[in-house]
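1. have a look at this prediction, sequence included:
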There are 2 protein chains.
Amino acid sequence: MRTIDWGESAGDAGASGRGAVVIVDQTVLPHEVRLLTLTDVDDLVDAIRRLAVRGAPALGAAGALGVLLAVRQGRAEGWSHDEVAKAIDRVRHARPTAVNLAWGVDRVAARLADGDAAIEAEARAVLDEDVAANRAMGDRGADVLDGLCAAPRHGGGLRLHTHCNAGALACVEYGTALGVVRAVHARGRLDRVYADETRPLLQGARLTAWELDQMGADYRVVVDGAGPSLIARGMVDAVVVGSDRIAANGDVANKIGTYPLALAAARAGVPFVVAAPESTVDAATPDGAAIEIEDRGDHEVVAWQGRQVAPAGARAVNPAFDVTPADLVTAIVTEARVVRPAAGERPA
Amino acid sequence: MRTIDWGESAGDAGASGRGAVVIVDQTVLPHEVRLLTLTDVDDLVDAIRRLAVRGAPALGAAGALGVLLAVRQGRAEGWSHDEVAKAIDRVRHARPTAVNLAWGVDRVAARLADGDAAIEAEARAVLDEDVAANRAMGDRGADVLDGLCAAPRHGGGLRLHTHCNAGALACVEYGTALGVVRAVHARGRLDRVYADETRPLLQGARLTAWELDQMGADYRVVVDGAGPSLIARGMVDAVVVGSDRIAANGDVANKIGTYPLALAAARAGVPFVVAAPESTVDAATPDGAAIEIEDRGDHEVVAWQGRQVAPAGARAVNPAFDVTPADLVTAIVTEARVVRPAAGERPA
């Protein structure tokens, strides 16, 4: 199932034929699988803002479909060209820092003069290409793991460790790091997945666990501090994670808590594999030191579900990402190639 | 204030004179300072199991006082020698990995034949010695850090990183790792403390933060996954942690999430210092591989404050401790000596 797609509206008869953006509402997972059928551009903008849809590739898809939705809604409601353009602009700026969102909008908006069929085809292509890239990445990643873990220590199958959510929910379908897990599972080679809960926002415990549950994989949730010792105790055959940015030298920025897994994997001689689309490789960033690390403030750390955990007035340091140095990265797998930074190869 | 002590029962008149173990209930800190007055051995066992009292030295005190409580309760309720012995055994086995608990029990149980006064004196001595040991350890640890960090990178003072709670709340008073922090602070040499929140039970965010707040130290709470990258980014001058068991070769068992800090410290050339009483050194355990790691089950990980976080039915692996290999341990500081495992020294 796609986590974001174009569908016919399930709304009132008046909206019939106008179409809708259909998304899995990530704010209520894993307790409820709620589909949102969005027939109004401003509902899509709201869904993007409140993180009902999240993840860089998924936001690219939301941007692409947002243009199509604006065109269809505009026709149904008799909007002027200017009104359609303004609606598209609202989608583009729903989260101003999300580069993929603007990229998805711009790609489809470039076809506005070419007619409805071309617009819809372009939007659908954004989604299809993401799925195809993920599947290629998954297959290549499974091949890489086959080579790196020819004789899994556990005998039966691979025991993989992942962090945060680099799954279908962050993409259109299938996933990047979790796409690799999916491919290994499809080959009957998956024994178990350890999923870090991923504080402070628990994307692992909520989203990755849900995806693993859906695919019928055997999995265990672990606190972030436990990952490295599981690796040291011989419980993990390989670590597979996604990435938010890859520097030219192979340093990898990813969700905070990734670096400890890489340290432990290197010491234990366990492969550390990064799965990410080519668009993640940033040739303009020479190394990890040049990557700015966003700090997301105190609140996510010192309180939980609105309840203060730490003493009143406690401050936090809350970096969203860490950088894993290239020498700890066994392989970077993209839809196009495999790069081995620990062996001295550079992605750019 | 002592966080565990022997007191007269505040319970019903029938229990008067039988005495009680009085503890600060650590499960409700930092929001409330609640004293528990335990007059029944099984209430003490329950308090130990649900971590109302926790921390290796505090568990030693709980074990010592538990024997005294069993004797007093046994007399009040007319228990046989066998029933008293069984009650003592329940205390001794309330938690498996904590060597101090059994040590405290055994030390006082050795005086069982010597009469009430001797038993009470021995139990009280365990507490008094712990306080004295902590103060000696704190001073020695501050000396060790002075030597290791003669020129703190930050200039003004030491930026220390700690995990879990090895403070007054984990002991009888003062603390082990946090006792070292306290001594550094008393010398005017403390710049800042980074306190890992320490999932799943958040002893860092709740207890260590509370103690640091009480002592007026500058501190920041961080998620466990963030610690290693703060060290890599040069934000930490030394890591100081406690220990639940130290093997003869210098391998150190401590709260889950300690090992990643040691890995990061070694890579960054930052000292990794363990502060623990001599009773933590277990000569009968040759190395870390021989240390049983308690798994505390799914619930602490998959739910938070009673609310399910992960999908229904999600399983967890929830080890309470990890083992840091001796080669990553710069120094072990006890009340009696300094051992340098990374330089090849053995504690036993």
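-> Everything's here; your move.
2. quick one: residues contacting the residue positioned nearest the centre of chain A.
-> Nearest to the geometric centre of chain A sits A:Ala170, at 3.1 Å (CA atoms, centre = their mean). Residues in contact with A:Ala170, defined by CB atoms under 8 Å, 6 or more residues apart in numbering or on different chains, are A:54-58, A:176, A:242. C-beta coordinates here come from the backbone N, C-alpha and C atoms, glycine included.
3. quick one, strands of the stretch 51-200 of chain A?
-> Shown for the stretch 51-200 of chain A, the strands assigned by DSSP state E, counting those that start in this stretch span residues A:158-162, A:190-196.
4. any idea which of these is most buried?
-> Comparing the strands of the stretch 51-200 of chain A by mean neighbour count (mean count of other CB atoms under 10 Å in any protein chain shown), strand A:158-162 comes out on top with a mean of 27.
5. phi, psi for A:Asp295 please.
-> The main-chain torsion angles of A:Asp295 are listed as degrees, to the nearest 10 and equal phi -110, psi 130.
6. isn't it right up against A:Asn318?
-> Yes. Between A:Asp295 and A:Asn318 there is a contact at 5.5 Å, judged by CB atoms under 8 Å.
7. more crowded one of the two?
-> Between A:Asp295 and A:Asn318, A:Asn318 has the larger neighbour count (other CB atoms under 10 Å in any protein chain shown), namely 22 against 12.
8. how much space between A:Ala232 and B:Asp251?
-> Look at A:Ala232 and B:Asp251: by CB to CB, to the nearest Å, they are 11 Å apart.
9. identify the contacts common to these two.
-> Overlap between the neighbourhoods of A:Ala232 and B:Asp251 consists of B:Val323, taking contacts as CB under 8 Å, 6+ apart.
10. who's more crowded, these two?
-> Of the pair A:Ala232 and B:Asp251, B:Asp251 is the one with more neighbours under other CB under 10 Å, namely 25 against 21.
11. tell me which parts of the stretch 151-300 of chain A are close to chain B?
-> For the stretch 151-300 of chain A, the residues found near chain B under the criterion CB under 8 Å from any CB of the partner chain are A:163, A:194, A:196-200, A:202, A:205-206, A:209-210, A:213, A:219-230, A:232, A:235, A:255-260, A:263-264, A:267.
12. restricted to helices, list those.
-> Taking DSSP state H, the ones among these that sit in helices are A:209-210, A:213, A:227-230, A:232, A:258-260, A:263-264, A:267.
13. got these as TSV, with pLDDT columns?
-> Output for those, formatted as TSV (pLDDT from 0 to 100):
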residue	pLDDT
A:Ala209	98
A:Trp210	96
A:Asp213	97
A:Gly227	98
A:Pro228	98
A:Ser229	98
A:Leu230	98
A:Ala232	98
A:Thr258	98
A:Tyr259	98
A:Pro260	98
A:Leu263	98
A:Ala264	98
A:Arg267	98
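14. those, buried ones only, as a PyMOL selection?
-> Below is the selection syntax for PyMOL that covers the buried ones among those, with 16 or more other CB atoms under 10 Å in any protein chain shown defining burial:
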select buried, chain A and resi 209+210+213+227+228+229+230+232+258+259+260+263+264+267
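15. so what's the residue nearest to A:Asp251 when sequence neighbours are not counted up against?
-> Taking CB to CB, 6 or more residues apart in numbering or on different chains as the measure, A:Asp251 lies nearest to A:Gly288, with 3.2 Å between them; neighbours along the chain are not counted. When contacts are counted by CB under 8 Å, 6+ apart, A:Gly288 is found next to A:247, A:249, A:251-253, A:323-325.
16. the stretch 51-200 of chain A: helices as residue ranges?
-> A:56-77, A:81-92, A:99-109, A:116-148, A:177-186 (DSSP state H, counting those that start in this stretch).
17. end to end on stretch A:251-262, go ahead and measure it.
-> The separation between the terminal residues of stretch A:251-262, taken as CA to CA, to the nearest Å, is 12 Å.
18. for it, the distance to its chain's centre please.
-> Distance, stretch centre to chain centre, for stretch A:251-262: 15 Å (CA atoms, centre = their mean, to the nearest Å).
19. so, low pLDDT: which residues of chain A?
-> A:9-17, A:97-98, A:151-155 (pLDDT under 70).
20. can you list the domain ranges for it.
-> Chain A breaks down into these domains under automatic domain parsing: A:4-129, A:138-343.
21. if we can go back for a sec, which of the helices of the stretch 51-200 of chain A is buried the deepest?
-> Taking mean count of other CB under 10 Å as the contact definition, the stretch among the helices of the stretch 51-200 of chain A with the greatest mean neighbour count is helix A:177-186, which reaches a mean of 27.
22. so what's the residue in chain A sticking out farthest from the centre up against?
-> Using CA atoms, centre = their mean, the residue of chain A lying farthest from its centre is A:Gly78. It sits 36.3 Å away. Listed by CB under 8 Å, 6+ apart, A:Gly78 has no contact partners.
23. and the gap between it and chain B?
-> Look at A:Gly78 and chain B: by CB to the nearest CB, to the nearest Å, they are 45 Å apart.
24. list the contacts for the residue nearest to A:Ala283 when sequence neighbours are not counted?
-> Excluding its sequence neighbours, the residue lying closest to A:Ala283 (CB to CB, 6+ apart) is A:Ala348, at 3.8 Å. By CB under 8 Å, 6+ apart, the contact set of A:Ala348 is A:248, A:281-283.
25. let's see that with 6 Å instead.
-> For A:Ala348, the contacting residues are A:248, A:281, A:283, taking CB atoms under 6 Å, 6 or more residues apart in numbering or on different chains as the criterion.
26. where does the last one fall, phi/psi-wise?
-> Yep, that's A:Ala283 we're talking about. Note on A:Ala283: its backbone torsions stand at phi -60, psi -20 [degrees, to the nearest 10].
27. picking that back up, among the contacts of A:Gly288, which are in strands?
-> Restricting these to those inside strands, with DSSP state E as the criterion, leaves A:247, A:252-253, A:323-324.
28. so can I have TSV of those showing distance to A:Val131 and neighbour count?
-> Below are the ones in strands among the contacts of A:Gly288 laid out as TSV (distance: CB to CB, whole Å; neighbours: other CB atoms under 10 Å in any protein chain shown):
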residue	distance to A:Val131	neighbour count
A:Ala247	27	26
A:Val252	24	31
A:Ala253	25	24
A:Val323	29	24
A:Thr324	27	29
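29. which one of these is nearest to chain B?
-> A:Val323 (7.0 Å; CB to the nearest CB).
30. for the closest one, which non-adjacent residue is spatially closest?
-> Sequence neighbours aside, A:Gly288 is the residue nearest to A:Val323 in space, at 3.5 Å (criterion: CB to CB, 6+ apart).
31. hang on, the earlier thing: of the ones in strands among the contacts of A:Gly288, which pair is most distant in space?
-> Within the ones in strands among the contacts of A:Gly288, A:Ala247 and A:Thr324 form the most distant pair, 10.4 Å apart (CB to CB).
32. give the contact list for the residue in the stretch 101-250 of chain A that chain B sits nearest to.
-> Per CB to the nearest CB, the residue of the stretch 101-250 of chain A with the smallest distance to chain B is A:Gly225, at 2.4 Å. Neighbouring residues of A:Gly225 by CB under 6 Å, 6+ apart: B:224, B:256-257.
33. quick one: residues contacting the closest residue to A:Gly141 other than its chain neighbours.
-> Using CB to CB, 6+ apart and skipping residues adjacent in sequence, the residue nearest A:Gly141 is A:Val180, 3.2 Å away. Residues in contact with A:Val180, defined by CB under 6 Å, 6+ apart, are A:138, A:141, A:240, A:275.
34. now with 8 Å, please.
-> A:Val180 makes contacts with A:137-138, A:141-142, A:145, A:240, A:273, A:275, A:333, as judged by CB under 8 Å, 6+ apart.
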